[in-house]
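[1] Here's my sequence, what's the structure:
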Amino acid sequence: MAATIKKASKDLIDEARKWAAMKQTGVSLRYMTEFGSRPTPRNLLISAQFLHKELPIRVARRAVELESLPYGLSLKPAVLKVRDWYLESFRDIRYFPEIKDNIDELDFTQMIKMVKVRHNNVVPMMALGVQQLKKDLNPKIVYEDLDEIHQFLDRFYMSRIGIRMLIGQHVALHDPDPPPDCVGYIHTKMSPVEVARSASEDARSICLQEYGSAPDINIYGDPKLTFPYVPTHLHLMVFELVKNSLRAVQEQYMDSDKVAPPVRIIVADGLEDVTIKVSDEGGGIARSGLSKIFTYLYSTAKNPLDDQSDVDPETATTMAGYGYGLPISRLYARYFGGDLQIISMEGYGTDAYLHLSRLGDSQEPLP
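    Predicted coordinates:
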């Protein structure tokens, strides 16, 4: 396949450049919910026709951007591989015939399902590319100064969240027996307290595996509070924050006789936002280190890519280590109009504030 990409690449890249210049069309959580709540054959056809036009623009933008990254990042073997995946996907979607009826729609749905699978490994593969770059860079370069690379990765991963959301949502609307209150990926009555509970149990079991013990986690908030959101997104974000807190507390109290203090999760219901605060007493982060926590070139944990060639990138657990958990969690929060802030008291602990917009009407941020 890669050989055919190389042969066809001149024409294909020219075509991708043409499409990359076209305007993207954002959708909101509210629109996805309203549209998807009636997955009639006609609506599925309209959805497929929209994706047939929209996906090639978004995929082409990323393929073209992967061609011209600074510091020679575009030439790293891992990045070339990712670029080939994007070009293949652009070709598959772009040259899929016009979607005229529901038979075409089902064929198209199968094809974009394959596209989504092809891109499963993009995050670890890009992480590998960045690592290949770090090995070659002058050691005197301060990683936080590599702004262009950070901005590129923010755009790249935000776009990936959007592409996967659109494909996943369309595919999920074909489920003949959807779970109650679910519209594709969106749960119209999601309980943030319940999702936080499940994500923190997952994080705690990983901490137990790694250290043999784990601090308690106390959750405060009304389990009956619900609002429309994507549970898998929230699970990923809370898992990451709690995992970081557990690790900080565990390492702070490892050689101490004192009982490790619990990690506290507070869920607050506001008019505009539902906010989840994850608080720990794990010693905090020095102010000089705070600027680094949202960069893609910094991690305090051992990198899983160093000793595992076949990590499963879709399980959030492997996010420990490539230093991508926090910046990617912040992108997930911002994708639907929220945000993630980290406030630290060095010598005491860290508070992470995860703001989720409960209005659901902000457009996707389109990089």
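
[2] is it true that Lys116 touches Val171?
    Yes. Using CB atoms under 8 Å, Lys116 makes contact with Val171 at a distance of 7.4 Å. Quick note: C-beta positions are derived from backbone N, CA and C, even for glycine.

[3] which secondary structure element contains the residue lying closest to Pro367 once chain neighbours are set aside?
    Leaving out its chain neighbours, the residue that sits closest to Pro367 by CB to CB, 6 or more residues apart in numbering is Arg155, at 3.5 Å. Applying DSSP states H and E as the criterion places Arg155 in helix 147-172.

[4] What helices and strands are in contact with that helix?
    Identification of packing neighbours for helix 147-172 by 3 or more CB pairs under 8 Å, 6 or more residues apart in numbering; DSSP states H and E yields helix 41-65, helix 102-118, helix 122-136, helix 325-335.

[5] Give me the angle between it and helix 102-118.
    Between helix 147-172 and helix 102-118, the angle comes out at 140 degrees (axes from the mean of the first three to the mean of the last three CA atoms, to 10 degrees).

[6] buried stuff in helix 147-172?
    By 16 or more other CB atoms under 10 Å, the buried positions in helix 147-172 come out as 149-150, 152-172.

[7] chain center to that helix, what's the gap?
    Between the centre of helix 147-172 and the centre of its chain there are 7 Å (CA atoms, centre = their mean, to the nearest Å).

[8] pLDDT (mean, whole number) over it?
    What helix 147-172 shows for mean pLDDT is 94.

[9] Following the chain onward from that helix, which element is next?
    Next element after helix 147-172 (DSSP H and E): strand 182-183.

[10] if we look at that next one, which residues are touching it?
    With CB atoms under 8 Å, 6 or more residues apart in numbering as the test, strand 182-183 has contacts from Met32, Thr33, Gly36, Ser37, Leu173, Thr188.

[11] Of these, which is the nearest to Leu359?
    The nearest member of the contacts of strand 182-183 to Leu359, counting by CB to CB, is Thr33 at 12.0 Å.

[12] So that closest one is in contact with Gly360, correct?
    Yes. At 6.9 Å, Thr33 and Gly360 qualify as touching, with contact defined as CB under 8 Å.

[13] Identify the contacts common to those two.
    Common contacts of Thr33 and Gly360, defined by CB under 8 Å, 6+ apart, comprise Pro228.

[14] quick check: domain ranges of the chain?
    2-180, 185-357 (automatic domain parsing).

[15] which one of these has the lowest average pLDDT?
    For the domains of the chain, the weakest mean pLDDT is recorded on domain 185-357, namely a mean of 88.

[16] can you give me how far that one is from the chain middle?
    Using CA atoms, centre = their mean, the offset of domain 185-357 from its chain centre is 14 Å.

[17] got the end-to-end distance for it?
    17 Å (CA to CA, to the nearest Å).

[18] thinking again about what came up before, ok, now how distant is the residue nearest to Pro367 from Ile161?
    Using CB to CB, to the nearest Å, Arg155 is found at 11 Å from Ile161.

[19] And for Arg91?
    Computed as CB to CB, the Arg91 to Ile161 distance reads 23 Å.

[20] give me the number of residues near Thr232?
    Neighbour count for Thr232, taken as other CB atoms under 10 Å: 14.

[21] Just the residues contacting stretch 230-240, thanks.
    By CB under 8 Å, 6+ apart, stretch 230-240 touches 29, 165, 185-187, 190, 192, 195-196, 198-200, 202-203, 265, 276, 278, 316, 319, 325-326, 328-329, 332-333, 335-336, 340, 354, 356.

[22] By neighbours, which of the contacts of strand 182-183 wins?
    Of these, with other CB under 10 Å as the count, Met32 tops at 25 neighbours.

[23] That one: which element?
    Assigned by DSSP H and E, Met32 falls in helix 29-36.

[24] for that helix, the distance to its chain's centre please.
    20 Å.

[25] Give me the contacts around it.
    If you take CB under 8 Å, 6+ apart as the criterion, helix 29-36 is touched by 43, 47, 169, 173, 183-184, 186, 188, 228-230, 336-337, 359-362.

[26] what do you get for stretch 209-225?
    Counting by CB under 8 Å, 6+ apart, 191-194, 196-197, 200, 204-205, 207-208, 242, 246, 249-250, 253-254, 260-269, 274, 280 sit against stretch 209-225.
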